[in-house]
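> how does the following fold in three dimensions:
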Amino acid sequence: MSMSTITSDLTAGGSGQPSQEGEELNQQALAIGRRALNLLRYYGLEQISADELIAQLAELGAQSILARHWPLLAGNPAYAASFQVLQIVSTLEVEADYQIRTYGPDSLHEDFRELELAVGRLRRAIQSSALESARGSGGER
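Below you'll find the model as predicted:
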């Protein structure tokens, strides 16, 4: 299956706007991003240990979602914000242990800030998509 076939399958009529399945992917990326932010926040507040953080980040599954949807996420601007969130969380899944043990707990601060910005962009993209869908179906004028 070509990348254009995958892309057109998950966008509404080739409009660049996510289809229902694509919207679900965006929502899943948003939930993963928010959960990762909370985990980083809890770790920063010393409410969870480094081992708990590392284990819970690994359970988020950002890597598997990236792998499964790589052609879509890497090649479609409608999913750029989801791609960025999943990429940051995926990197944390792999490197948080090394970062903490090598550079200390404060080394995750920059990752937190990047993820916070990326989650905000994804949230706005989802809201914008919902507004455009409502306008397209006559829901808002």
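
> C-alpha from now on. contacts and neighbour counts both.
OK.

> the longest helix seen in the chain: which residues count as buried?
In the chain, with assignment by DSSP state H, the single longest helix is helix 109-136. Using 16 or more other CA atoms under 10 Å as the burial criterion, the residues of helix 109-136 that qualify are 111-112, 115-116, 118-123, 125-126, 129, 133.

> report the two of those separated the most.
Asp111 and Ser133 (32.4 Å; CA to CA).

> can you give me phi and psi for Leu45?
Phi and psi for Leu45, reported as degrees, to the nearest 10, are phi -90, psi 10.

> neighbours around it, how many?
10 (other CA atoms under 10 Å).

> and it, how far is that from Gln127?
Counting by CA to CA, to the nearest Å, the separation of Leu45 from Gln127 is 30 Å.

> what about stretch 104-115, start to end distance?
One end of stretch 104-115 to the other measures 19 Å (CA to CA).

> take the buried residues of helix 109-136 and write them to JSON lines, including distance to Ala55 and pLDDT.
Shown next, in JSON lines, are the buried residues of helix 109-136 (distance: CA to CA, whole Å; pLDDT from 0 to 100):
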{"residue": "Asp111", "distance to Ala55": "17", "pLDDT": "95"}
{"residue": "Phe112", "distance to Ala55": "17", "pLDDT": "96"}
{"residue": "Leu115", "distance to Ala55": "18", "pLDDT": "98"}
{"residue": "Glu116", "distance to Ala55": "20", "pLDDT": "98"}
{"residue": "Ala118", "distance to Ala55": "22", "pLDDT": "97"}
{"residue": "Val119", "distance to Ala55": "21", "pLDDT": "98"}
{"residue": "Gly120", "distance to Ala55": "25", "pLDDT": "97"}
{"residue": "Arg121", "distance to Ala55": "26", "pLDDT": "96"}
{"residue": "Leu122", "distance to Ala55": "25", "pLDDT": "96"}
{"residue": "Arg123", "distance to Ala55": "26", "pLDDT": "96"}
{"residue": "Ala125", "distance to Ala55": "30", "pLDDT": "90"}
{"residue": "Ile126", "distance to Ala55": "29", "pLDDT": "91"}
{"residue": "Ser129", "distance to Ala55": "33", "pLDDT": "79"}
{"residue": "Ser133", "distance to Ala55": "38", "pLDDT": "69"}
